[in-house]
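**Q** model this:
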Amino acid sequence: MATIRAVVVDGRARGRLAVREVEAPKPGPGEALVRVKAISLNRGEVRRAQNAPAGAGIGWDLAGIVDAPAANGTGPAAGQRVVGLLPDRAWAELVPVPVQALAPLPNNVSFEQAATLPVAGLTALHALRKGGNVLGRNVLVTGASGGVGHLAVQLAVEAGARVVGLVRQEAHVGPVRDAGAHEVVADETGEAARPYGPYHLVLESVGGEVLASALAMLAQGGTCVHYGVSSGQTASINSAAFFRIGRVSLYGLYLFSELAVEPASVGLATLAGLVANGRLRPFIEVEAPWTQVGEVAQQLMDRGYAGKAVLRVE
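**A** The predicted structure is shown next:
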């Protein structure tokens, strides 16, 4: 049996993740076989690993080189640099990826930069689109120093919005300001953002008290796009105050549902192009070999860094 190395769940390892030998994959007719060069971590998949059975494959984000094109003749050719997304098992040396989940990677975009884009970048892109035309309008990004938030700030600024970034700690203000936010506030309740509202669009990833505060800061006709609960808290909402604002919306965004409408390849091509043109700058806080996946995953769970962690597959 041919084998490759992959990240799997291991209850004895730190962070419950480790690189182990697994059976080599067999691509379907519409899948390209990608030799992975870099991966990035997201809180969702790392949390999932804490309860997954031993030996389970894991991972969403990948960047690499097409080792073999799809057998049905679609998608990128062998040797093409690509960025891609899988609903699972992306963290391996060699992975089969549906061609609609792959986008070509410009030569001036590194594999490390590209690996930050699939989940974080696509979430930010789809969330921002829910606000329609944001030119000249107030946009609040909560969790603005995180992987999604940092990219969302940049995309909103690029779209012409007046952007306020909300972070938990003063230490995280600088990177968000460097990303282009017009105002950055540090607060665990969200209330520090109120003086800069009301907001046409809120991109919300914290949940709990921050979500409740954000809903009360919407302008008439505004939208709050909720895509994460990094606080782990349940929100208690003043529903009467919310609906009395008038024509406001709370939209729950789950990325893989959005990708059923528009394939990942479309958004990934847009994001990679923005990085290539210098208009989008991924914030990589941790970079390490993938053999350190358990240690870096534990740091993510312990909130040991902001931004993204990228691992090189070597």
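
**Q** can you give me the pLDDT of the residue nearest to Gln220 when sequence neighbours are not counted?
**A** Sequence neighbours aside, Gly246 is the residue nearest to Gln220 in space, at 4.5 Å (criterion: Cβ to Cβ, 6 or more residues apart in numbering). For every residue, glycine as well, the C-beta is placed using N, CA and C. Looking at Gly246, its pLDDT reads 97.

**Q** surely Gly246 is in contact with Gly221?
**A** Yes - with contact defined as Cβ atoms under 8 Å, Gly246 reaches Gly221; the gap is 7.2 Å.

**Q** so what are the domain limits for this structure?
**A** Domains of the chain are assigned by automatic domain parsing as 3-119+262-312, 131-252.

**Q** now name the helix or strand holding Leu311.
**A** Using DSSP states H and E, Leu311 maps to strand 308-312.

**Q** could I have the CA atoms of that strand written out in PDB?
**A** Extracted as PDB, the C-alpha positions of strand 308-312 are listed here (Å, rounded to 0.1, in the frame of the first residue of the first chain):
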ATOM      1  CA  LYS A 308      -2.800  33.600  10.800                       C
ATOM      2  CA  ALA A 309      -0.500  30.600  11.500                       C
ATOM      3  CA  VAL A 310       1.000  29.100   8.400                       C
ATOM      4  CA  LEU A 311       2.800  25.700   8.300                       C
ATOM      5  CA  ARG A 312       5.300  24.700   5.600                       C
END
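
**Q** so what touches it?
**A** With contacts defined as Cβ atoms under 8 Å, 6 or more residues apart in numbering, strand 308-312 is touched by 37-41, 91, 111-112, 115-116, 120, 147, 150, 282-290, 292-293, 296, 299-300.

**Q** re the thing from before, tabulate the domains of the chain (TSV), appending distance to Leu125 and mean neighbour count.
**A** Shown next, in TSV, are the domains of the chain (distance: least, Cβ to Cβ, whole Å; neighbours: other Cβ atoms under 10 Å):
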stretch	distance to Leu125	mean neighbour count
domain 3-119+262-312	5	20
domain 131-252	6	20
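
**Q** quick one: the helices in the protein?
**A** 43-49, 111-115, 122-129, 147-158, 173-178, 208-216, 239-245, 255-258, 264-276, 293-301 (DSSP state H).

**Q** any idea which of these gets closest to Gly64?
**A** helix 111-115 (6.6 Å; Cβ to Cβ).

**Q** from the chain's centre, how far out does the closest one sit?
**A** 12 Å (Cα atoms, centre = their mean, to the nearest Å).

**Q** list the contacts of it.
**A** By Cβ under 8 Å, 6+ apart, helix 111-115 touches 37-40, 61-64, 81, 83, 105, 272, 275, 282, 284, 287, 310, 312.

**Q** for the nearest residue to Ile237 once chain neighbours are set aside, give its distance to Ser239.
**A** Counting by Cβ to Cβ, 6+ apart, Ile237 lies nearest to Ala212, which is 5.2 Å off, once chain neighbours are set aside. Distance, Ala212 to Ser239, using Cβ to Cβ, to the nearest Å: 10 Å.

**Q** contacts only, for Arg168.
**A** Ser145, Ala186, Asp187, Glu188.

**Q** so which of the residues you listed are in strands?
**A** Counted as lying in strands by DSSP state E, out of the contacts of Arg168, are Ala186.

**Q** how about the contacts of Arg168 in CSV, adding pLDDT and distance to Val167?
**A** Converted to CSV, those look like this (pLDDT from 0 to 100; distance: Cβ to Cβ, whole Å):
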residue, pLDDT, distance to Val167
Ser145, 95, 5
Ala186, 97, 5
Asp187, 95, 8
Glu188, 94, 10
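
**Q** what's the angle between the strand holding Leu311 and helix 293-301?
**A** 180 degrees (axes from the mean of the first three to the mean of the last three Cα atoms, to 10 degrees).
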